[in-house]
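J.: sequence unavailable; structure follows:
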């Protein structure tokens with residue numbers, strides 16, 4: 001099953017705040033055996049895999065790294081349309097729209113490359129969830145103005161949406177921070193110099209996005 005399963009198993013327990021001893025008892029195994037599973041030193045059988053999936057409310061595919069979503073939805077990478085390869089033909093002629101898209105797509109591309117250097121599925125999943133929530137909030141603002149027939153995706157009232165999604169963002173950020181605190185994780189250096197060296201064609205986009213965001217934050221702070 002590999003490290004993907006062990007990392008997912010440990011992360012799910014950490015997210016719930018369940019002590020290892022309690023989780024082991026609930027799952028019907030010893031604490032020592034659960035520790036081996038979470039450390040990747042032993043692999044469980046299918047019976048335990050099914051129990052763990054039910055216990056944490058995820059699918060076996062998610063635990064095994066076969067699905068990026070906890071519900072087990074699968075997306076075939078080679079079948080997924082890549083808007084980053086477009087020459088902006090679908091966008092309006094507004095230059096700022098084309099510039100904004102290219103800057104953001106380039107910056108996100110670098111981000112995912114940095115996150116994937118160590119093959120850390122848990123970190124990539126957490127970052128994807130955080131970015132997804134940010135996009136969700138933006139789409140909601142557009143939907144509230146002129147959207148229809150998507151109530152299943154936007155079920156909250158206007159009063160509940162902001163605090164609920166902000167809390168979700170805070171939780172997603174806390175999960176990321178917790179993962180990054182793990183001293184075993186090896187992360188690449190991030191500096192202006194390293195970005196320019198590793199991504200000569202994309203570094204300017206990253207630095208521009210960071211500069212624009214910093215300006216926005218400082219204006220809000222002032």
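T.: Yep, it's here. The structure presented is a predicted model; accordingly, all values stated were derived computationally and were not measured.
J.: helices or strands up against the helix or strand residue 8 falls within?
T.: Mapping residue 8 onto the secondary structure by DSSP states H and E places it in helix 2-16. Identification of packing neighbours for helix 2-16 by 3 or more Cβ pairs under 8 Å, 6 or more residues apart in numbering; DSSP states H and E yields helix 31-39, helix 46-56, helix 60-63, helix 121-146, helix 158-181. (C-beta placed from N, C-alpha, C; glycine too.)
J.: what do you get if the cut-off is 7 Å, keeping everything else the same?
T.: Using 3 or more Cβ pairs under 7 Å, 6 or more residues apart in numbering; DSSP states H and E as the contact test, the elements touching helix 2-16 are helix 31-39, helix 60-63, helix 121-146.
J.: residue 104 is nearest to which of these?
T.: Ranking those by distance to residue 104, with Cβ to Cβ as the measure, places helix 121-146 first at 10.3 Å.
J.: of all the helices and strands packed on helix 2-16, which one is nearest residue 153?
T.: Comparing the helices and strands packed on helix 2-16 against residue 153 with Cβ to Cβ, the closest turns out to be helix 121-146 (8.0 Å).
J.: model confidence over the closest one, on average?
T.: Over the span of helix 121-146, the pLDDT mean works out to 88.
J.: give me the angle between that helix and helix 2-16.
T.: Computed by axes from the mean of the first three to the mean of the last three Cα atoms, to 10 degrees, the angle separating helix 121-146 from helix 2-16 equals 60 degrees.
J.: quick check: buried residues in helix 121-146?
T.: Of the residues in helix 121-146, those buried by neighbour count under the rule 16 or more other Cβ atoms under 10 Å are 121, 122, 123, 124, 125, 126, 127, 129, 130, 133, 136, 140.
J.: cool, thanks, signing off.
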